[in-house]
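Chemist: fold the following and give me the result.
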Amino acid sequence: MTIYRDLLPEQAQLLGQGLVAGVDEVGRGPLVGDVVTAAVILDPANPIAGLNDSKKLSEKKRDGLFDTIMANALAVSVGRASPAEIDELNILHATMLAMQRAVAGLSVTPIRILVDGNRTPDFGIEADAVIKGDGLIACISAASIIAKVIRDREMAELDSKYPQFAFAKHKGYPTKAHFEAIAAHGIVPEHRRSFRPVKEWLERHQG
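Modeler: Now for the predicted structure:
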């Protein structure tokens, strides 16, 4: 993976100094659970091989890189927004809030923040949005891996709590199996009530 591709020279220089935080999110689309974000500042003296967009890595590879990132990064922080916050704010604003929380939790203050996607919240620090940054920039790739592994593990825990929903398989996304489980078993407190399939179920059964 090319780490510095499409970056301005000053951005690349900051990355080399280890002062840039990569930020990414996982879980905007699911019907259940938190939206999870991560902020990672990598150590330029300890480069990590194999970083990439978490969606392009196997679960085994992600888990291995998760441990490596946690052991070698200068700083890692996780932020989240709950289903209740998502319902109150909408998923976009809840995601921005979760990103702010992730950056605020860093033990090292970055000079600049690079966010995967096309927009950034106000961090109080200079920030750039990088489209498809999770496949271009190492610190964003690392953030995508941290967020993905944490949320997937939380879905596995939710699966143990509600095995009839098979959350470990579909991770809460709006799949046919998830729709069928809602039809058969209703919803759980962790469902996002503002999301259409859940909202429609509530209207049918509580309206």
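Chemist: how is this structure divided into domains?
Modeler: The chain breaks down into these domains under automatic domain parsing: 9-152, 160-206.
Chemist: show me the beta-bridge partners of Arg112.
Modeler: Under DSSP bridges, the beta-bridge partners of Arg112 are Val20, Glu126.
Chemist: so it touches Ile41, yeah?
Modeler: No - in terms of C-beta atoms under 8 Å, Arg112 does not count as a neighbour of Ile41; the distance is 10.5 Å. Backbone N, C-alpha and C define where each C-beta goes, glycine included.
Chemist: can you put the domains of the chain in JSON lines and add mean pLDDT?
Modeler: Converted to JSON lines, those look like this (pLDDT from 0 to 100):
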{"stretch": "domain 9-152", "mean pLDDT": "93"}
{"stretch": "domain 160-206", "mean pLDDT": "96"}
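Chemist: return the most buried member of those.
Modeler: Across these, averaging neighbours per residue (mean count of other C-beta atoms under 10 Å) puts domain 9-152 on top, at a mean of 20.
Chemist: and Lys148, how far is that from Glu59?
Modeler: 9 Å (C-beta to C-beta, to the nearest Å).
Chemist: same question for Arg151.
Modeler: 12 Å.
Chemist: one more: Thr68?
Modeler: 15 Å.
Chemist: do Pro30 as well
Modeler: According to C-beta to C-beta, Pro30 stands 17 Å off from Glu59.
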